[in-house]
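Asker: quick one: sequence and predicted model below, then my questions.
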Amino acid sequence: SSSTTTTITTTTAIVKPSPIAFPSSSSKGKKWPGKSIKPTEGLVLTRELLCSYVLKELEEKDASVFARSLASVGFDVHAEKFRDMVKARAWKRMCSLKWTMSEDVELGEALTSHARHISKNPTNGVSACSFLIEQKHASEYRLLARFSRSDIALRAAMMQCFNAMVLDALAMIDFRPCLGDGGGGSFRSEFRKARDIVFPQIFKAWVHQVVNDTASRVDGAKGPELLFDPLETVSTQNQREADDGDEDGAEDDGDHPHDQQSEVVQEQQQLQLQGRGGNVMQWLQRQDSSNVSLTFSRQNSSSPSTHGTNSGDQESVSSIGKEGQRTSGCQFLQAALQMDEINPVDLRVKVAKGSDPLFPVVVRLRGEHVAGTSGSFREFMSRMATELQQKLVPLFITCPASSMGVNVGKMMLSPSTPSFIQYHQYRFLGMLFAMNLRSNVPLCIDVVPSFWKVLTDTPLCEKDIASVDLLTWNKLVTLRECKTEEEYKEYVEDGNKVTYSVVSMLGALEDLVPVGVDESKASLIAGRDVPVQFQDLHAYIEKVVDFKLREMTCRSQMDAIREGFSYILPPQLLTSMSWVSLEVCVCGIPNVDFTFLKRHTTYTGGLCDTDHHIKFFWKSLEQFSQVDLRKFVKFACNQERIPSPYDDMKGDVMVHVPPYPMMLAPPDQNSGWQQTDQQMIRAETCLFMIKLPQYSSQDLMDVRLRQAISCRNDPLSG
C-alpha cells in the first residue's frame with residue numbers, strides 16, 4: 001500500500017545503511033531469499049533496491065513475518081533498535097523461571113521495605129539485591145531463595161516499571177462493579193488480580209489524587225465543629241475505674257439511679273433528641289424502657305448545627321443501658337451523635353498540606369483555648385483510636401488467637417449481630433476511615449489482616465482462620481490427618497469429642513446443624529449432641545470452615561463501614577486497593593525513623609544544630625526505644641505515627657508532609673522560672689514545635705524529656 005511505501009522510505013532515509021556488496025561468482029549455486037533479486041557479480045545493495053525488495057516481500061507474504069524477522073534481531077517495524085539482545089535473553093530466562101504471585105508479592109514487600117529504609121521511592125532505582133543478601137533479612141524472604149541475584153534484579157526492575165505505569169492507568173479504570181463481570185475480562189477484574197504487587201506508595205498517591213478531585217469545600221471556608229468536654233472525659237474515666245473496682249462486691253438492690261427516671265426527665269430527653277433528624281429517636285422509641293435507659297446532659301455550644309433544629313445546644317450521651325455504663329463520657333459516641341448534624345459534603349476537603357492544614361472538622365475543647373486546628377484534630381483522631389483499642393466502644397473484640405501468641409494485641413470485629421446503635425457506630429467508623437485519608441492523620445488501631453481483606457473485598461481462605469482462631473485451625477488440621485477410620489476412632493477415644501458444633505469467636509458453643517426431634521425420646525436434639533461419623537468427617541470440616549469464614553466476614557458490620565465511608569469518599573477506593581496498602585494508608589507505619597525525623601527538623605529563634613543543648617536533645621532522643629519515640633511524637637504533635645520515610649527531594653527542594661517539619665525553638669520569655677534548669681519542655685502540637693530550654697547537662701535533658709512524654713495523654717495539657 002501507499003502508506004507502507006511512505007513509512008519504509010522515510011525510515012530507511014533515517015537509518016542510512018552503508019552499502020552491502022553481494023558475493024561474486026563463488027556464491028553461485030546457493031539459494032538466496034526472495035524471488036525477484038538474484039546474486040549478480042558486482043551488484044551493490046542500495047536503499048532503493050532494499051525498499052523494492054521489502055515491498056515485493058510484503059506483497060507476497062504476511063507483514064507479521066517481516067515484523068517478527070526484525071524483532072528477532074532487536075528492531076521494530078520502523079527499523080529502529082528497541083532492545084538489547086542481552087536484555088532480551090535475560091527476559092526470556094525470567095519468563096522461563098515461572099514466578100508465582102506469592103513470590104512477586106514477597107519481592108514487592110522487600111522493595112517497599114528497602115525503599116522505606118533508605119528514604120526512597122520504590123519505583124525509582126531501588127535495588128532489592130543488596131537488601132536480600134544480608135543475613136538478617138534472608139529468613140524473611142524464603143520464597144526468593146531459589147532465584148539468583150541477577151534474576152531478582154531483573155524481576156525487581158520489571159515490577160518497578162509496572163508500578164510506574166500503574167499510577168497513570170488507575171485514573172482510566174472504572175472500578176464500579178458491573179453486571180456480567182463475574183467471569184473477569186474487564187480492566188477492573190484484571191487489575192484486582194494484580195493489585196497485591198502494586199506498591200502502597202502508588203495507592204497512596206492515587207488516593208491523594210482522588211481526594212483532591214472529589215473535594216467540595218473551598219479553601220478558607222469554615223468547617224463543621226465537634227465540641228468535647230475534657231473534664232467530663234477525665235471524671236468519667238475515674239468513675240469507670242472506681243466502678244470496675246467495686247463491681248465484684250456490689251449487690252444489685254434494684255435502686256440503680258438509671259432505673260429511676262421520672263416521666264418528666266424522660267419527656268425532656270425526648271425533646272432533646274428530636275433535633276437529631278429522628279433516626280436515633282425513632283429507634284429509641286421502639287426499645288423496651290427496661291433494657292435501655294438514657295441520661296443526657298445539655299451543654300451549650302457556640303457552633304450552630306448544620307441542618308438540625310437545635311442550633312445552640314449540644315447533647316452528650318451519659319449512658320445507654322449496660323453498654324452506656326462503659327461508653328459514658330466516651331468521645332467516640334459523642335462524635336458519632338454530633339456527626340449526624342453535619343452535612344457530609346462539608347467534610348470533603350483536599351489533602352492536608354502546610355503548617356496548619358485544612359481538616360474535615362474543627363475540634364473544640366470546652367474551656368480550652370487552642371491556637372490552630374491541627375493539634376486538636378490529631379488529638380481527636382488519637383482519642384478515637386484509643387477508645388476503640390481499649391474496647392470502650394463495643395465494636396471490636398480481642399483476637400482469640402492472641403492468647404496463643406498469634407496477632408498479639410490485635411482486634412477483630414465482633415461477630416455478634418449489631419444493634420441499631422452499633423450499626424450507627426460502625427457507620428461512623430467508616431466516616432473516620434475516610435476523614436483519615438483526607439487529613440493524612442493515621443488512625444492508630446491494630447486490627448487483624450482478615451479485617452482489611454474483607455474491607456477490600458479480598459476473598460478469605462482457610463489459612464486466614466489460623467490468624468484469628470488457632471485452636472480451631474489446629475483441630476481441623478488434626479482431623480484432616482485422620483486418613484482411616486481407625487485413626488479417627490483413636491483420636492476420639494483420646495477424649496476429643498467431635499460433634500456437629502463449634503466454638504464461636506465469642507466463646508459460645510454453636511450448632512452446625514438445625515435442631516431436630518428425637519422421636520424415640522420425644523425430645524429435641526441439637527447438633528452438639530450428634531457425634532460426627534468418619535464418613536461425614538469431610539462434610540463436617542467444610543461446615544466448620546464455612547462458619548468461621550462467615551464469622552470473620554461480618555457482612556452487616558462491613559456494609560455499615562462502607563456506607564459511612566461512601567459519605568466522604570468514593571467506595572470504589574476500598575475495593576480497588578490491596579489490603580496491605582489500605583492498612584498502611586489508614587493506620588500508618590508504627591515505627592519512627594529517628595534519622596528521617598532529624599532530617600526533617602528546622603531550628604528557629606536563633607538556634608542551630610551545633611548548640612550544646614541541641615546536641616543533648618538529639619543524643620537523648622537517639623537512645624530512646626521505639627515505644628519512647630512514639631510517646632515523644634505523641635507529645636510533640638498529638639499523633640503517635642507520622643508519615644514513613646518517603647522520597648523527600650524534588651530537585652534541590654525538600655518536601656515536607658504534615659506534620660513535618662518538626663521545629664525546635666527556645667522557651668517563652670515569660671515562662672516565670674528564674675533558672676533555666678527548672679523550666680519544663682513545652683510543645684505546640686499544631687505546629688509540631690518543641691520549646692527546648694538550654695539545660696546544663698545531658699542527664700537533666702534525659703529527665704526532662706521523659707517527664708514530657710509522660711504527659712502525652714493528658715487531655716488538659718496545653
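Answerer: Structure's in. What do you need? This structure is a prediction, so every number in the text was calculated from the model and none was measured.

Asker: packing partners for the strand or helix carrying residue 479?
Answerer: Taking DSSP states H and E as the criterion, the element that holds residue 479 is helix 470-480. With contacts taken as 3 or more Cβ pairs under 8 Å, 6 or more residues apart in numbering; DSSP states H and E, helix 470-480 sits against helix 463-466, helix 485-493, strand 501-503, helix 537-553. (Each C-beta comes from the backbone N, C-alpha and C, glycine too.)

Asker: repeat the analysis, applying 6 Å as the threshold.
Answerer: Other helices and strands packing on helix 470-480, by 3 or more Cβ pairs under 6 Å, 6 or more residues apart in numbering; DSSP states H and E, are absent; none qualifies.

Asker: just the buried residues of that helix, please?
Answerer: With burial defined by 16 or more other Cβ atoms under 10 Å, the residues of helix 470-480 counted as buried are 470, 472-473, 475-476, 479.

Asker: can you redo the residues you listed as TSV with distance to residue 422 and pLDDT?
Answerer: TSV is the format used below for these (distance: Cβ to Cβ, whole Å; pLDDT from 0 to 100):
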residue	distance to residue 422	pLDDT
470	27	92
472	25	93
473	28	93
475	31	92
476	30	93
479	35	93
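
Asker: nearest to residue 612 among those residues?
Answerer: Proximity to residue 612 was ranked across the buried residues of helix 470-480 by Cβ to Cβ; first place goes to residue 470, at 53.4 Å.

Asker: who are the contact partners of the nearest residue to the closest one once chain neighbours are set aside?
Answerer: Spatially, and ignoring its direct neighbours in sequence, residue 470 is nearest to residue 401 (4.3 Å; Cβ to Cβ, 6 or more residues apart in numbering). Contact partners of residue 401, counting by Cβ atoms under 6 Å, 6 or more residues apart in numbering, are 407, 468, 470.

Asker: which residues does the last one contact?
Answerer: Read that as residue 470. Taking Cβ under 6 Å, 6+ apart, one finds 401, 404, 406 in contact with residue 470.

Asker: how close does the first one get to residue 469?
Answerer: Just to be clear, that refers to residue 401. 6 Å (Cβ to Cβ, to the nearest Å).

Asker: where does the prediction get shaky in the stretch 301-450 of the chain?
Answerer: Within the stretch 301-450 of the chain, the stretches falling below the threshold (pLDDT under 70) are 301-329, 355-356, 369-372.

Asker: can you list the residue ranges for strands in it?
Answerer: The residue ranges that make up the strands of the stretch 301-450 of the chain, judged by DSSP state E, counting those that start in this stretch, are 313-320, 362-365, 396-398, 411-413.

Asker: tell me the strands beside the third one, with direction?
Answerer: Applying DSSP bridges to the sheet, strand 396-398 is found paired with strand 411-413 (antiparallel).

Asker: need the residues that contact the strand it pairs with.
Answerer: Outside of strand 411-413, the residues within contact range by Cβ under 6 Å, 6+ apart are 396, 399, 447-448, 468, 554, 557.

Asker: run the last query once more with 7 Å
Answerer: Contact partners of strand 411-413, identified using Cβ atoms under 7 Å, 6 or more residues apart in numbering, comprise 389, 396-399, 446-448, 451, 468, 554, 557.

Asker: just the closest of the residues you listed to residue 344, please.
Answerer: Each of the contacts of strand 411-413 was checked against residue 344 using Cβ to Cβ; the closest is residue 557, at 20.2 Å.

Asker: that closest one reaches residue 418, doesn't it?
Answerer: Yes. Under the criterion of Cβ atoms under 7 Å, residue 557 is in contact with residue 418, at a separation of 5.9 Å.

Asker: which one of the contacts of residue 401 is nearest residue 680?
Answerer: Ranked by distance to residue 680 (Cβ to Cβ), the contacts of residue 401 are led by residue 407 at 39.1 Å.

Asker: look up phi and psi at the closest one.
Answerer: phi 50, psi 50 (degrees, to the nearest 10).

Asker: now it: how far from residue 46?
Answerer: Distance from residue 407 to residue 46, counting by Cβ to Cβ: 74 Å.

Asker: more neighbours: which of these two?
Answerer: Looking at residue 407 and residue 46 with other Cβ atoms under 10 Å, you find the greater number of neighbours at residue 407, namely 22 against 12.

Asker: now the more buried one: how far from residue 215?
Answerer: 36 Å.

Asker: also residue 379?
Answerer: If you go by Cβ to Cβ, the gap between residue 379 and residue 215 works out to 24 Å.

Asker: what's the burial count for residue 586?
Answerer: Under the neighbour criterion other Cβ under 10 Å, residue 586 is assigned a count of 19.

Asker: which helices and strands sit right next to the helix or strand hosting it?
Answerer: Secondary-structure element containing residue 586, defined by DSSP H and E: helix 579-587. Here helix 579-587 touches helix 200-213, helix 420-439, helix 449-455, going by 3 or more Cβ pairs under 7 Å, 6 or more residues apart in numbering; DSSP states H and E.

Asker: mind redoing it with 10 Å?
Answerer: Judged by 3 or more Cβ pairs under 10 Å, 6 or more residues apart in numbering; DSSP states H and E, the packing partners of helix 579-587 are helix 101-117, helix 200-213, helix 420-439, helix 449-455, helix 572-576.

Asker: need those helices in a markdown table with mean neighbour count and distance to residue 633, can you?
Answerer: A markdown table is the format used below for the helices and strands packed on helix 579-587 (neighbours: other Cβ atoms under 10 Å; distance: least, Cβ to Cβ, whole Å):
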| stretch | mean neighbour count | distance to residue 633 |
| --- | --- | --- |
| helix 101-117 | 19 | 17 |
| helix 200-213 | 19 | 20 |
| helix 420-439 | 23 | 17 |
| helix 449-455 | 22 | 24 |
| helix 572-576 | 21 | 27 |
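
Asker: so how far is residue 465 from the closest residue to residue 415 other than its chain neighbours?
Answerer: Counting by Cβ to Cβ, 6+ apart, the nearest residue to residue 415 once its immediate chain neighbours are dropped is residue 551, at 4.3 Å. Taking Cβ to Cβ as the criterion, residue 551 is separated from residue 465 by 9 Å.

Asker: residue 430 too?
Answerer: In this structure, residue 430 lies at 25 Å from residue 465, with Cβ to Cβ as the measure.

Asker: distance of residue 113 from residue 599?
Answerer: In terms of Cβ to Cβ, residue 113 sits 19 Å off from residue 599.

Asker: report the set of residues contacting both of residue 551 and residue 465.
Answerer: Common neighbours of residue 551 and residue 465 (criterion: Cβ atoms under 10 Å, 6 or more residues apart in numbering): residue 450.
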